[in-house]
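[1] what follows is a predicted structure for the sequence shown.
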Amino acid sequence: MLGIEQADWIALGLTLRLAAVTTVILLVLGTPLAWWLAHTRSRIRLAVESIVALPLVLPPTVLGFYVLMLLGAQGPIQALGGPALAFTFTGLVIGSVLYSLPFVVQPLQNAFASLDRSTLEAATTLRATPLDRWLSVILPLTRRGFLTAITLGFAHTVGEFGVVLMIGGNIPGETQVISIAIYDHVEATDYGSAHRLSGLLLGLSFVMLFALYTLNGRFRLGTT
Amino acid sequence: MIEFDFHLQRPGFCLELAGRIPPRGVTALFGHSGCGKTTLLRCLAGLEPEVQGRLSVNGQQWQAGGRQWPPHQRAVGYVFQEGALFPHLTVTGNLHYGYRRVPADARRLQPGEVVELLGLAPLLHRYPHELSGGQRQRVAIGRALLTSPDLLLMDEPLAALDALSKNEILPWLDRLHQTLDIPVVYVTHAIEEVARLADHMLLLEQGRLLAAGPLQSLLTRTDLPLAHADNATSVIETKVVRFESEYHLLHLTFDGGELQVPCTHAPETSTVRIRVAARDVVLSLSADSRGSALNHLPARITGFNNDPHPAHQLVTLTLGDTPLLARITRKSRDQLGLQTGQAVHVQFKAVAIS
């Protein structure tokens, strides 16, 4: 299809699955973390914020190297009797979660910080339980932050290369993602396949960002 | 009856407050900024989880023995200083937010009544950002009322408004006061609002209770700072006798005699509260020296007090059983030979305030 070979479709499918799983995990972990960062007065906040932002500045290979050390044969996880995760899909998910963490946490943290405290207190005095408050006030008022977090987290994971190469290698159907498939085609001077895959990724990324800005623009008109 | 005993320690601030709030009428929490009046209000609502002590409302324990009910389990309405409306909901959505969360058998007020009471009908489809400050506060009050609270808490609801919006919203608050049987606790630092709206008052200073009691007596107690303020005021509760439309004057009666106050139209209610500024009261020895002031009544002097200004004396009087403050010069006092216990005549301008 589209002149793209079967192995590349598998790589694309794997990439999208990786990005989806990573985004879901990041939402589950990142939401409480971002809430805590937005509201805590703890002294360790700045340290935690810095750690969350590290993937923005570190070369992906450095991050990938440490994750490989963590997951690899001599790493602490296996030493404690854990499974061998290097060169597996699970290993990729762990690496991607770390790699895309700031892209999910930072938009959420900004959204939570912009919430007016008295608005939430008003909901409490209007009989809303904590869960009810999340669903009826916090989520609607921060949905732009969530949309941004989901889109950036997903898109950034789709585009990752260095981390995957370090911890996942290049096993077709298991750890070969689309960016690595493109790299392979270029290495093999198969520029035609590289073009088609790159174009696909470019289009996909554009569509995602365009959808994000369209939706966020619509929310802006509706609520403020 | 609402009874509380709160203790709250924060860096640089200690709140140590015990008192009672009557189950009817408006109780004003009055004091300077930082005296703890908003904090007390938040403790009543359950918004200060660190507060120690106890709180009972109409016999229900809202806080006792180290346990406190969270705010969403208290039948409390809270009106925040700037409304705190939900920006993503229309006025209708805001009004219904609390209403939908109250069990049907606990709903004593219906949306239609509240919309009517607060004049919200033209606003129902608007979003909060499309409302003026005064309109936002009316919606916030309506939203709180629709939870059918046992206690309505208002945190300086007029503080963020300009004079025009204040005058727009005050009549609605009067109406609320006259129509509903919900005790209201009202935080303010504006004595005009207290004189107009409150029936009782808790006077706070640096996290402690300075005095508590009916409005009339606290306003005129010379051991409290209110009587010495530049805008010291007495209030008189009166009954309407008749409206003299030819002169636009309202004839009123109270235990100290009869009064006439200017009024644009006949009032809807049978009782009217009037306000007399201490500096607008003139004392004379005989009834015949009539000036242009409409009201001249016999009174008895109950005491003299020094005032912040060295030229002035603050005179306390009673008209029947009603206390009244007069600010006169020391020179006048000496020239007239005024003494405690003496019968005098007072003349004053009065303003009807509700």
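    Sure, I can see it.
[2] which secondary structure elements does the helix or strand of chain B with the lowest mean pLDDT contact?
    The element with the least model confidence among the helices and strands of chain B, by mean pLDDT, DSSP states H and E, is strand B:351-352, at a mean of 76. The elements that strand B:351-352 packs onto, with contact taken as 3 or more CB pairs under 8 Å, 6 or more residues apart in numbering or on different chains; DSSP states H and E, are strand B:257-262, strand B:271-277. Where C-beta positions appear, they are placed from N, C-alpha and C, glycine not excepted.
[3] partner strands of that strand, parallel or antiparallel?
    Within its sheet, strand B:351-352 is paired with strand B:271-277 (antiparallel), according to DSSP bridges.
[4] in the partner strand, what's buried?
    By neighbour count on 16 or more other CB atoms under 10 Å in any protein chain shown, the buried set for strand B:271-277 is B:Val272, B:Arg273, B:Ile274, B:Arg275, B:Val276, B:Ala277.
[5] tell me the helices in chain A, going along the chain?
    Listed in chain order, the helices of chain A (DSSP state H) span A:6-39, A:45-57, A:60-71, A:76-79, A:89-113, A:117-125, A:130-133, A:139-158, A:162-167, A:178-187, A:191-223.
[6] so which of those is nearest B:Leu215?
    Closest approach to B:Leu215 among those (CB to CB): helix A:117-125, 26.4 Å.
[7] isn't B:Ile141 up against B:Leu158?
    No - using CB atoms under 8 Å, B:Ile141 is not in contact with B:Leu158; the gap is 11.1 Å.
[8] where does the chain dip in pLDDT?
    Since you didn't name a chain, this refers to chain A. Across chain A, the ranges flagged by pLDDT under 70 are A:1-2, A:218-224.
[9] correction: the question concerned chain B.
    In chain B, residues with pLDDT under 70: B:288-290, B:354.
[10] for it, which residues are neighbours of chain A?
    B:45, B:47, B:70-74, B:76-78, B:80-82, B:84-88, B:97-98, B:101-102, B:127, B:129, B:140, B:143-144, B:147 (CB under 8 Å from any CB of the partner chain).
[11] switch the cut-off to 7 Å
    Within chain B, the residues that sit near chain A (CB under 7 Å from any CB of the partner chain) are B:45, B:47, B:71-72, B:76-78, B:80, B:84, B:86-88, B:97-98, B:101-102, B:129, B:143, B:147.
[12] turn the helices and strands packed on strand B:351-352 into a markdown table, columns for distance to B:Ser284.
    Formatted as a markdown table, the helices and strands packed on strand B:351-352 follow (distance: least, CB to CB, whole Å):
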| stretch | distance to B:Ser284 |
| --- | --- |
| strand B:257-262 | 15 |
| strand B:271-277 | 16 |
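[13] what sits up against the biggest helix by length in chain B?
    When every helix of chain B is counted residue by residue (DSSP H), the longest turns out to be helix B:163-179. Around helix B:163-179, the neighbours that count as contacts under CB atoms under 7 Å, 6 or more residues apart in numbering or on different chains are B:26, B:117-119, B:132-134, B:137-138, B:158, B:161, B:196-197, B:269, B:354.
[14] what packs against the helix or strand following it?
    Later in the chain than helix B:163-179, the nearest helix or strand by DSSP states H and E is strand B:184-188. Strand B:184-188 sits against strand B:26-30, helix B:37-45, strand B:151-155, with contacts defined as 3 or more CB pairs under 7 Å, 6 or more residues apart in numbering or on different chains; DSSP states H and E.
[15] at 8 Å what do you get?
    Using 3+ CB pairs under 8 Å, 6+ apart as the contact test, the elements touching strand B:184-188 are strand B:26-30, helix B:37-45, strand B:151-155, helix B:191-197.
[16] what does chain A put close to chain B?
    Close to chain B, as judged by CB under 8 Å from any CB, chain A has residues A:116, A:118-119, A:121-129, A:132, A:136-137, A:140-141, A:222-224.
[17] of those, which count as buried by neighbour count?
    Of all these considered here, the ones buried according to neighbour count by 16+ other CB under 10 Å are A:118-119, A:121-128, A:136-137, A:140-141, A:223.
[18] which of the residues you listed sit farthest apart?
    Largest separation among those by CB to CB: A:Arg127 and A:Thr223, giving 23.0 Å.
[19] any idea how far A:Leu26 lies from chain B?
    25 Å (CB to the nearest CB, to the nearest Å).
[20] residue nearest the middle of chain A, spatially speaking?
    Among the residues of chain A, the smallest C-alpha distance to the mean C-alpha position (CA atoms, centre = their mean) belongs to A:Gly153, namely 3.0 Å.
[21] that residue reaches A:Thr23, doesn't it?
    Yes - A contact is recorded between A:Gly153 and A:Thr23 when judged using CB under 8 Å, the distance being 4.6 Å.
[22] who's in contact with B:Asn295?
    B:Asn295 makes contact with B:Leu259, B:Gln260, B:Val346, B:Gln347, B:Phe348, B:Lys349, B:Ala350 under the criterion CB atoms under 8 Å, 6 or more residues apart in numbering or on different chains.
[23] now do the helices in the stretch 1-150 of chain B.
    Remark: helices of the stretch 1-150 of chain B, listed N- to C-terminal, are B:37-45, B:91-100, B:111-118, B:133-145; assignment by DSSP state H, counting those that start in this stretch.
[24] any chance of JSON lines for those helices, columns mean neighbour count?
    As requested, the helices of the stretch 1-150 of chain B are arranged in JSON lines below (neighbours: other CB atoms under 10 Å in any protein chain shown):
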{"stretch": "helix B:37-45", "mean neighbour count": "23"}
{"stretch": "helix B:91-100", "mean neighbour count": "21"}
{"stretch": "helix B:111-118", "mean neighbour count": "17"}
{"stretch": "helix B:133-145", "mean neighbour count": "25"}
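[25] export those as CSV, with columns for distance to B:Leu226.
    Below are the helices of the stretch 1-150 of chain B laid out as CSV (distance: least, CB to CB, whole Å):
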stretch, distance to B:Leu226
helix B:37-45, 14
helix B:91-100, 35
helix B:111-118, 30
helix B:133-145, 26
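[26] the ones you listed: which one's closest to B:Ser245?
    In this view, the helices of the stretch 1-150 of chain B are compared for proximity to B:Ser245 by CB to CB, and helix B:111-118 is the closest at 28.2 Å.
[27] returning to that earlier point: show me which pair in the buried residues of strand B:271-277 is furthest apart.
    B:Val272 and B:Ala277 (17.0 Å).
[28] just give me the residue right at the centre of chain B.
    Central residue of chain B (CA atoms, centre = their mean): B:Ala198, 2.3 Å from the mean position.
[29] wait, doesn't that residue sit right on B:Tyr186?
    Yes - the pair formed by B:Ala198 and B:Tyr186 meets the contact definition of CB under 8 Å, at 6.5 Å.
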